[in-house]
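> whatever this is, show me its structure:
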Amino acid sequence: MKVAVYAICKNEARFAARWMASMGEADGVYVLDTGSTDGTSERLRTMGAVVAEEEIIPWRFDAARNRSLALVPEDVDICVCTDLDEVFRPGWRAALEGAWGPDTVQASYRYTWSFRPDGGEDTVFWSEKIHSRQGWRWVHPVHEVLERLPGFPPGGKAAAPGVQLDHHPDPSKSRGQYLPLLELSVEEAPGDDRNTHYLGREYLYYGRWDDCIRTLKRHLSLPSAVWADERCASMRYIARALVQKGEPAEARRWLWRAVGEAPHLREPWLELAWQLYESGEWDGVAYLCRASLSIEMRPQTYICEGWAWGSLPWDLLSIGLYRTGRRAEALEAARQALALEPDNARIRRNVELLGG
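Below is the predicted model of the structure:
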């Protein structure tokens, strides 16, 4: 079985050696350099990568990905798309080949998108950027996804649990291009629920509260917007924007809707718990935190925020219990929070004050 890695890059010389070392289990590495001025191409070539150089004007991530995929030889069996700020843990190829069956055309794998300051994992989900060589194209100017070409059988998707990819981004890089590209994406495909959701979220990042609320309400109205997890996230983001606009009561109503939309997720329970914490409604805080902690299976989708699986639910629970006179239970919850975040001095003090 022949396995190839392909990627796009621009001014990522600092990551080249680390990336090439982690991709070394592949039979070949193919890179489209879209305009580096720091010697990225030269470094990659000296380490064995096949590198083509081409500026994509106007810039679109899907166009760049498709050009990089075109560099991969036709006789390759499995294509692995990564970025230079990502690193595979050793043994990924054997795990991938072990999961790949005769009818497999795509594989999912564990992806750590972010890490906490202490080095522990933060946001984790399963990604799907490994695929067969034939019958695929990338679509959307940003937040691009793989689409099966007409005329090719759908095939099967295999889970490859032994494949682990870690993301170590460059914090100095701007994401300023994302907003105009998302606006273009929604303009090109106004009925696409996924990128409509992403656009509303991007407006939230920019503090454009009214645009955020308007766009996410439109997302919720789209006939294709049926995935409860993403609908729930839109409701939570609307609530965040409403809080910033000074409308906490309306925000709370949206958070209750979010809980009802996806009660199987921790995030809506905890965002509502946090709002009740802000207003000193301690019984509600304790109830909502316990509801969130009853969800023990961490989802494999990208809508799985690290804070919901760290110390926060136990920390808030301990405070809610303490404020309602349940000191022994508060101590146990605080201990659980400290076990998940042992370097947090405030939680440690809480344990000590509770008699731990």
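
> any buried residues in stretch 215-230, and which?
215-216, 218-220, 222, 225, 228-230 (16 or more other C-beta atoms under 10 Å). Bear in mind the C-beta positions are built from the backbone N, C-alpha and C, glycine included.

> now the two most distant members of those residues.
T215 and A228 (19.0 Å; C-beta to C-beta).

> I'd guessed H197 sits against A233; true?
Yes. In terms of C-beta atoms under 8 Å, H197 counts as a neighbour of A233; the distance is 7.1 Å.

> now the longest helix seen in the chain, how far from the chain's geometric center?
Determined from DSSP state H, the single longest helix within the chain is helix 228-244. Relative to the centre of its chain, helix 228-244 is centred 16 Å away, using C-alpha atoms, centre = their mean, to the nearest Å.

> for A99, which non-adjacent residue is closest in space?
A160 (3.8 Å; C-beta to C-beta, 6 or more residues apart in numbering).

> just confirm the one you found is within a strand.
Yes. Counting by DSSP: H, G, I helix; E, B strand; the rest coil, A160 is found in a strand.

> need the pLDDT of it.
At A160, the model reports a pLDDT of 98.

> do G356 as well
69.

> can you check R116 too?
87.

> so it sits against G310, correct?
Yes. R116 lies in contact with G310 (C-beta under 8 Å); the separation is 7.4 Å.

> residues touching the residue nearest to the spatial centre of the chain, list them.
In the chain, the centroid-proximal residue (C-alpha atoms, centre = their mean) is Y302; its distance is 4.2 Å. By C-beta atoms under 8 Å, 6 or more residues apart in numbering, Y302 lies in contact with 113, 123, 125.

> hang on, T37 in a strand?
No. If the criterion is three-state DSSP, then T37 is coil and not within a strand.

> burial count for it?
8 (other C-beta atoms under 10 Å).

> which residues does V285 contact?
Counting by C-beta under 8 Å, 6+ apart, V285 has contacts 273, 276-277, 316-317, 319-320, 323.

> okay if I get those as a markdown table plus distance to G155?
Below are these laid out as a markdown table (distance: C-beta to C-beta, whole Å):
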| residue | distance to G155 |
| --- | --- |
| A273 | 43 |
| L276 | 47 |
| Y277 | 48 |
| L316 | 45 |
| L317 | 45 |
| I319 | 50 |
| G320 | 49 |
| R323 | 55 |
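
> okay, those in CSV with neighbour count next?
Shown next, in CSV, are those (neighbours: other C-beta atoms under 10 Å):
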residue, neighbour count
A273, 28
L276, 21
Y277, 19
L316, 22
L317, 26
I319, 21
G320, 26
R323, 16
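
> wait, a helix at L32?
No. Looking at L32 with three-state DSSP, it is strand, so not inside a helix.

> how about the strands in the stretch 151-300 of the chain?
156-167 (DSSP state E, counting those that start in this stretch).

> what mean pLDDT does the longest helix of the chain get?
Here the average pLDDT along helix 228-244 is 98.

> got a list of contacts for it?
193-194, 197, 200-201, 204, 207, 209-210, 212-213, 216-217, 219-220, 225, 248, 250-252, 254-255, 257-258, 261-262, 264-265, 267-268, 271, 275, 299, 301, 303.

> let's see that with 7 Å instead.
Helix 228-244 is contacted by residues 197, 200-201, 204, 209, 212-213, 216-217, 219-220, 225, 250-251, 254-255, 257-258, 261-262, 265, 267-268, 271, 301, 303 when judged by C-beta atoms under 7 Å, 6 or more residues apart in numbering.

> that older thread, of the buried residues of stretch 215-230, which is the nearest to Y178?
So of those, ranked by how close each gets to Y178 (C-beta to C-beta), first place is T215, at 14.1 Å.

> which residues touch that closest one?
Counted by C-beta under 7 Å, 6+ apart, T215 has contacts 196, 199-200, 203.

> and which of those is nearest P58?
L199 (18.1 Å).

> any idea how many residues pack against the closest one?
28.

> for S172, same thing?
5.

> and the helices in the chain, which stretches?
Under DSSP H, the chain gives helices at 13-22, 40-46, 61-70, 92-99, 178-188, 193-205, 209-221, 228-244, 248-261, 266-278, 282-293, 312-323, 327-340, 345-353.

> what packs against the second one?
The reference is to helix 40-46. Counting contacts by 3 or more C-beta pairs under 7 Å, 6 or more residues apart in numbering; DSSP states H and E, helix 40-46 packs against helix 13-22, strand 28-33, strand 50-53.

> what does the last one contact?
Strand 50-53 is contacted from outside by 28-33, 41, 44-45, 71, using C-beta under 7 Å, 6+ apart.

> please repeat the previous calculation with a cut-off of 8 Å.
Residues external to strand 50-53 that are found in contact with it (C-beta under 8 Å, 6+ apart): 28-36, 41, 44-45, 67, 71.
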